[in-house]
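Q: Any chance you could fold what I've pasted below:
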Amino acid sequence: MPESVELWWARRQWSKGVDVPYPIGTYRTEWARYPVLARQYHPDLNHGIVLSQVPPAAEVFLVWECDAGHRFVATPEEQRSRPAGSRRRSTWCPDCSALATGRRVALPVVDLGMHSCGHARDPRRIESDPDDDRCFLCRRLDRTQITRELLVTMAAPRSRVAVSTANSIGARYAWQCENGHPAYEATIERILSGRRCPVCRHARAGADAVPVGEAFLSEWAPKPASAAEPELRRRLAQRLAVDLTKNAVRVARPFFSHLEVWPDIIIPELRVAIEYDTTGRDGLEHVGRREDVDRKKDRLLRAAGWEVVRVRCGKLQPIGPYDLTASGVTSALIERLVDRLGEVRGSLIVDAYRR
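A: Numbers count the residues shown, from 1 in each chain. So this is what the prediction gives:
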């Protein structure tokens, strides 16, 4: 169970038999990957204990203060896992995060009676055919030749009962893909319109046309997040005669809602993906849960027969066997990167592509 910082420190002094159980700087390397947390931590709020004296896995309540002046209590594990899917700096402060999230306004429920089919009338939809008193859902089921029973079987187990009793359009339910992809949420209207599993829909746009492990051009690939990635690509093209135009690799299992991943640089001839990682302007990139996503991405690539070389900048530490640390894109980095490619695929193979 987590305990207050003063009790935790006193217990460590007693168990180790010293006044300073963790000297200053003991965990500096571990905390250096979280510059935002280092800025939010103040020793004067935590009985003079410096952040580098606190193990990242310690079950201890610490006091933090965000840039806006909000003070809150959280354990190191809670703080390191806060970024989640947000790119806001306020994510590491629960008060700022709550203020930045808009509150939903509940509309008053209006009872418009029942259709002849027994379902409630939907105030958001105007029935176009007054002679047909069935609800929109029932009429759509007739047009798509899908029975209510078949619709229920398409739902995920935890949503089947809810779908069987659904009487309005707009509610979101969980659905199970027939190809075994992870369950997804959608409205009944979207299911009846044919826009179903997002993994299957995205794969039809490109990934289904290539085998697992094949590099290809994808319309879903995002644009470079920084100017350093194009510069790294340009310098690498000057050193190696390889094709750097591909932007996606087909993988066997879904990566979120896609059967493809998008490394920063892809070298199909060597089957090596290169990633350029920084913590970003707000210190939220490639740390905490985002680092877990990077590891998952690397596992999918390796399972498809590829290897990954990550260039980790700033305070980011290597997470793979071939990762490099750097301060930026320089000529020295390019030479180290080419040498590392030789370690991965063999110097003789890489030398064949040298310019």
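
Q: Distance of E59 relative to L7?
A: Relative to L7, E59 is positioned 11 Å away (C-beta to C-beta, to the nearest Å). No exception for glycine: its C-beta is placed from N, CA and C like everyone else's.

Q: Same check on R196?
A: For R196 relative to L7 (C-beta to C-beta), the value is 54 Å.

Q: And I319, by the same measure?
A: Counting by C-beta to C-beta, the gap from I319 to L7 is 34 Å.

Q: what's the domain layout of the protein?
A: The chain breaks down into these domains under automatic domain parsing: 3-100, 109-196, 207-351.

Q: Compare the mean pLDDT across these and name the weakest.
A: Here the lowest mean pLDDT among those goes to domain 109-196, at a mean of 75.

Q: circling back to that earlier point, looking at R196 and L7, which is more packed in?
A: R196 (17 against 11; other C-beta atoms under 10 Å).

Q: correct me, but the more buried one touches H181?
A: No. Shown here, R196 and H181 do not form a contact pair, counting by C-beta atoms under 8 Å, at 10.1 Å.

Q: helix or strand right after the host helix or strand of I191?
A: Assigned by DSSP states H and E, I191 belongs to helix 188-192. Toward the C-terminus, helix 188-192 is succeeded by helix 198-204 as the next helix or strand (DSSP H and E).

Q: For that following helix, which helices and strands make contact with it?
A: strand 258-261 (3 or more C-beta pairs under 8 Å, 6 or more residues apart in numbering; DSSP states H and E).

Q: same for the strand it packs on, what does it pack against?
A: With contacts defined as 3+ C-beta pairs under 8 Å, 6+ apart, strand 258-261 has these neighbours: helix 198-204, strand 248-255, helix 289-303.

Q: Can you give the distance of stretch 297-305 from its chain's centre?
A: Centroid separation for stretch 297-305 versus its chain: 16 Å, with C-alpha atoms, centre = their mean, to the nearest Å.

Q: Can you list the buried residues in it?
A: K297, D298, L300, L301, A304 (16 or more other C-beta atoms under 10 Å).

Q: Phi first, then psi, for the nearest residue to Y353 once chain neighbours are set aside.
A: Spatial nearest neighbour of Y353, chain neighbours left out: L240 (4.7 Å); criterion: C-beta to C-beta, 6 or more residues apart in numbering. Main-chain dihedrals, L240, degrees, to the nearest 10: phi -130, psi 140.

Q: Neighbours of L240, how many?
A: Using other C-beta under 10 Å, L240 is surrounded by 21 other residues.

Q: I figured it hits R354, correct?
A: Yes. If you go by C-beta under 8 Å, L240 and R354 touch, sitting 6.4 Å apart.

Q: Can you pull the residues that touch both of the two?
A: V338 (C-beta atoms under 8 Å, 6 or more residues apart in numbering).

Q: Distance-wise, check I319 relative to E291.
A: 7 Å.

Q: Tell me which stretches of the chain form helices.
A: All helices of the chain, identified by DSSP state H, fall at 5-16, 28-31, 35-40, 76-80, 94-100, 136-144, 148-154, 160-164, 188-192, 198-204, 228-239, 289-303, 331-345, 347-351.

Q: can you tell which of those is closest to S52?
A: Evaluated over the helices of the chain, closeness to S52 peaks at helix 28-31, with 4.2 Å, by C-beta to C-beta.

Q: Check which residues of that closest one are buried.
A: E30, W31.

Q: So what touches that helix?
A: Residues contacting helix 28-31 (C-beta under 8 Å, 6+ apart): L37, A38, L51, S52, V54, P55, P56, Q317.

Q: one more time with 7 Å, if that's ok
A: The list of residues contacting helix 28-31 from outside it, by C-beta atoms under 7 Å, 6 or more residues apart in numbering, reads L37, A38, L51, S52, P56.

Q: Likewise for stretch 217-225?
A: Applying C-beta under 7 Å, 6+ apart, the set of residues contacting stretch 217-225 is H202, A205, G206, P230, K246, N247, A248, H258, E260, W262.

Q: Skip the chain neighbours and tell me the closest residue to the fifth one.
A: Taking C-beta to C-beta, 6+ apart, and ignoring the residues beside it in sequence, K246 has A215 as its nearest neighbour in space, at 4.0 Å.

Q: So what pairs up with that neighbour in the strands?
A: Beta bridges link A215 to V249 when assigned by DSSP bridges.

Q: was I right about it contacting T245?
A: No. Judged on C-beta atoms under 7 Å, A215 makes no contact with T245 at a distance of 9.3 Å.

Q: Between these two, which has more neighbouring residues?
A: A215 (23 against 10).

Q: so what's the more buried one up against?
A: With C-beta under 7 Å, 6+ apart, A215 has these contacts: K246, A248, V249, I266, P268.

Q: Please report how far the second one lies from D142.
A: According to C-beta to C-beta, A248 and D142 sit 41 Å apart.

Q: Give me the nearest residue to R290, chain neighbours excluded.
A: P83 (6.1 Å).

Q: Neighbours of that neighbour, how many?
A: Neighbours of P83 (other C-beta under 10 Å): 24.

Q: Report the separation between it and E65.
A: 18 Å.
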